[in-house]
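[1] Build me a model from this:
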Amino acid sequence: MKMKMMQHCSNLSSFGRLRSVFNSISRIFNEGQHYQMPFSHLKTSFIRSHYPLRLFSTENPLLLTPDLINIMEKRMSGIETRYAYLQKAISQPAVMADEFARINKELSKLEDYMPCIKDLRAKQKEIDGLKILVNDSLEEKEMRDLAAQELQLRLEEERNIQYMLLQSLLPKDDADARDCILEVRAGTGGEEASLFAMDIFKMYERYAQKRRWKFEIVDITESEIRGYKEASAAISGSGVYGKLKFESGVHRVQRVPVTEKSGRIHTSAASVAILPQADEVDVQLRNEDLRIDTYRSGGAGGQHVNTTSSAVRVTHFPSGIVITIQDERSQHKNKAKALKVLCAKLYEMERQRLHSSRSKLRSEQIGSGDRSERIRTYNYPQGRVTDHRVGITYHSIEDIVQGESLDIFFDALILKQEMDAIDSFSDTS
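    Model (predicted):
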């Protein structure tokens with residue numbers, strides 16, 4: 001992280017993730033005619049409707065108000081004071097081993113901020129010097145003009161560093177870099193819901209392949225017409241959970257089912273859950289808390305998939321969670337998959353407990369990620385997909401279900417998360 005931040009600070013032409021996300025949305029909107037209005041107009045209306053107090057553009061997306069800069073200045077001063085104190089404390093010969101480890105751990109975290117803070121302090125000194133030069137050169141027009149031009153450049157560089165520092169100070173979800181467990185379940189709508197659940201599951205599989213992530217099917221329970229009652233997968237790759245975490249919720253479909261003879265449009269639903277995968281250090285499973293049963297695997301209609309007891313059911317007594325896996329012919333592989341899913345569920349339960357006081361703004365604008373929340377509608381007759389949290393409608397449903405254009409929603413949600421984090425940063429300071 002430290003190296004990455006140093007690279008960001010040395011590259012003053014970079015405005016950070018917010019700019020890249022915004023430009024990504026701009027590029028996607030401008031590449032095709034899948035939207036009802038030009039991007040320039042849609043961008044303005046989208047921003048005004050969701051961020052009425054802010055003005056931005058793709059050239060200058062920095063959102064640094066004077067109040068926010070004052071808050072950052074207080075944070076920086078606190079970090080500098082604490083850093084100096086810890087450096088002095090850790091150098092004392094009488095420091096105990098456990099105290100040394102604690103101080104060293106805190107120092108390591110603070111060191112992540114120091115490169116940007118030092119760059120900013122140096123830039124501010126240059127700016128102070130240039131301001132003096134501009135004011136002292138009132139009678140030398142050429143000198144004053146050169147100093148004024150240089151001052152403008154330094155002020156822009158200062159603003160860029162401030163934005164990078166703001167990015168580093170915003171609260172982060174440590175789970176964003178983790179792999180995830182995907183769970184899709186058919187909801188209301190009978191057999192049509194199971195077909196839609198299969199479509200959604202395969203949509204994420206195609207997207208994972210596009211991103212070159214590893215997509216490992218954990219378990220699938222088929223319906224009578226070969227749809228998916230339930231399906232789960234383990235997805236591994238760079239930043240998987242951070243990219244997919246807002247997909248949790250109810251996905252609704254409006255279309256004519258294959259079982260419908262009169263041509264009437266039905267509404268069905270499938271629920272999606274995205275769980276960060278847990279490491280062994282995150283969740284400790286005790287044998288006395290588990291009951292592991294084995295039985296013969298069964299498919300649609302109750303037919304046996306095989307004649308050995310390879311299916312596994314894991315019951316976790318403290319939480320009441322029950323995991324059943326029958327995807328593999330090997331009992332040991334099914335048990336390993338079941339324990340992986342159980343750990344992910346227990347880890348997510350603990351995360352939810354620790355983060356139950358999330359900001360109201362984020363809960364309202366992005367959503368809690370609860371699977372009971374309707375987040376997106378797939379309207380086949382009109383060929384459109386609408387994400388209800390960001391108000392974006394994409395008019396090529398086939399691109400979405402093929403996993404080709406999901407980034408338009410993902411990037412908008414990530415952008416909104418960062419905007420909410422900035423609001424939270426201001427409110428808690």
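[2] CA atoms for contacts and neighbours, from now on please.
    Fine.
[3] Extract the residue ranges of the stretch 1-150 of the chain that are flagged as low pLDDT.
    Judged by pLDDT under 70, the stretch 1-150 of the chain has its weakly predicted residues at 1-63.
[4] go on, the stretch 151-300 of the chain?
    280-282, 298-300.
[5] So which residues of it form strands?
    180-186, 214-222, 228-236, 249-255, 266-276, 290-295 (DSSP state E, counting those that start in this stretch).
[6] Nearest to Lys345, out of those strands?
    Taking Cα to Cα, strand 266-276 is the member of the strands of the stretch 151-300 of the chain nearest to Lys345, at 6.7 Å.
[7] before we move on, back to that, as CSV, the strands of the stretch 151-300 of the chain with distance to Ala421 and mean neighbour count would be great.
    What follows is the strands of the stretch 151-300 of the chain, written out as CSV (distance: least, Cα to Cα, whole Å; neighbours: other Cα atoms under 10 Å):
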stretch, distance to Ala421, mean neighbour count
strand 180-186, 23, 26
strand 214-222, 30, 19
strand 228-236, 26, 23
strand 249-255, 21, 22
strand 266-276, 20, 24
strand 290-295, 39, 15
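[8] Against which helices or strands is the longest helix seen in the chain packed?
    Scanning the chain for the longest helix, with DSSP state H as the assignment, gives helix 141-169. Helix 141-169 sits against helix 2-10, helix 114-136, with contacts defined as 3 or more Cα pairs under 8 Å, 6 or more residues apart in numbering; DSSP states H and E.
[9] Repeat the analysis, applying 10 Å as the threshold.
    When contacts are defined as 3 or more Cα pairs under 10 Å, 6 or more residues apart in numbering; DSSP states H and E, helix 141-169 packs onto helix 2-10, helix 17-31, helix 66-90, helix 114-136, helix 407-427.
[10] and the angle for the helix or strand just after the third one with helix 114-136?
    Going back to what we said before, that points to helix 66-90. Note on helix 66-90: by DSSP states H and E, the next helix or strand toward the C-terminus is helix 97-111. Helix 97-111 runs at 50 degrees relative to helix 114-136, counting by axes from the mean of the first three to the mean of the last three Cα atoms, to 10 degrees.
[11] before we move on, back to that, among the strands of the stretch 151-300 of the chain, which comes closest to Ile325?
    strand 214-222 (5.7 Å).
[12] Listing partners with orientation, what would you give for the closest one?
    Strand 214-222 has the following strand partners under DSSP bridges: strand 228-236 (antiparallel).
[13] For the strands of the stretch 151-300 of the chain, give me CSV that also has distance to Arg159.
    Below are the strands of the stretch 151-300 of the chain laid out as CSV (distance: least, Cα to Cα, whole Å):
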stretch, distance to Arg159
strand 180-186, 36
strand 214-222, 39
strand 228-236, 37
strand 249-255, 38
strand 266-276, 35
strand 290-295, 55
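[14] Glu106: which of those strands is closest?
    Judged by Cα to Cα, the one of the strands of the stretch 151-300 of the chain that comes nearest to Glu106 is strand 266-276, at 25.7 Å.
[15] Can I get that closest one in CSV? Just the C-alpha atoms.
    Output of strand 266-276 as CSV, limited to C-alpha atoms (Å, rounded to 0.1, in the frame of the first residue of the first chain):
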residue,chain,number,x,y,z
HIS,A,266,-44.8,-12.8,-15.8
THR,A,267,-42.7,-11.2,-13.1
SER,A,268,-40.3,-13.5,-11.3
ALA,A,269,-37.3,-13.0,-9.0
ALA,A,270,-34.1,-14.5,-7.8
SER,A,271,-32.0,-13.5,-4.8
VAL,A,272,-28.3,-13.1,-4.9
ALA,A,273,-25.9,-13.2,-2.0
ILE,A,274,-22.2,-12.2,-2.3
LEU,A,275,-20.1,-13.3,0.7
PRO,A,276,-16.4,-12.5,1.2
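[16] re the thing from before, can you tell me which of the strands of the stretch 151-300 of the chain is nearest to Leu413?
    Closest among the strands of the stretch 151-300 of the chain, using Cα to Cα: strand 249-255, at 13.8 Å.
[17] Check which helices and strands the closest one sits against.
    Using 3+ Cα pairs under 10 Å, 6+ apart: strand 249-255 touches strand 180-186, helix 190-210, strand 266-276, strand 374-379, strand 384-387.
[18] picking up where we left off before, so for Tyr347, which of the strands of the stretch 151-300 of the chain sits nearest?
    Closest to Tyr347 of those, according to Cα to Cα: strand 266-276, at 7.6 Å.
[19] what's the angle from that closest one to helix 190-210?
    Using the same axes, to 10 degrees: strand 266-276 against helix 190-210 is 40 degrees.
[20] and strand 266-276, which strands flank it?
    Assessed with DSSP bridges, strand 266-276 is paired to strand 180-186 (antiparallel), strand 249-255 (antiparallel).
[21] could these go into a markdown table alongside distance to Val272?
    Converted to a markdown table, the strands paired with strand 266-276 look like this (distance: least, Cα to Cα, whole Å):
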| stretch | distance to Val272 |
| --- | --- |
| strand 180-186 | 5 |
| strand 249-255 | 5 |
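[22] From start to finish, how long is stretch 181-194 in a straight line?
    One end of stretch 181-194 to the other measures 19 Å (Cα to Cα, to the nearest Å).
[23] roughly how far is stretch 179-199 from the heart of the chain?
    Computed by Cα atoms, centre = their mean, to the nearest Å, the chain-centroid distance of stretch 179-199 equals 22 Å.
[24] quick one: buried residues of stretch 204-216?
    Residues 204-208, 213-215 are the ones in stretch 204-216 that count as buried (16 or more other Cα atoms under 10 Å).
[25] Alpha carbons of it, in CSV - could you do that?
    Written as CSV, here are the backbone C-alpha positions of stretch 204-216 (Å, rounded to 0.1, in the frame of the first residue of the first chain):
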residue,chain,number,x,y,z
TYR,A,204,-21.8,-14.0,-13.3
GLU,A,205,-19.9,-17.0,-14.6
ARG,A,206,-19.4,-15.2,-18.0
TYR,A,207,-18.4,-12.0,-16.3
ALA,A,208,-15.8,-13.9,-14.2
GLN,A,209,-14.4,-15.5,-17.4
LYS,A,210,-14.2,-12.1,-19.0
ARG,A,211,-12.2,-10.8,-16.0
ARG,A,212,-10.1,-14.0,-16.0
TRP,A,213,-11.2,-14.9,-12.5
LYS,A,214,-11.5,-18.4,-11.3
PHE,A,215,-15.1,-19.5,-11.2
GLU,A,216,-15.6,-22.8,-9.3
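[26] Is Glu348 in contact with Tyr241, as I believe?
    No: applying Cα atoms under 10 Å as the test, Glu348 and Tyr241 come out as separate, 11.8 Å apart.
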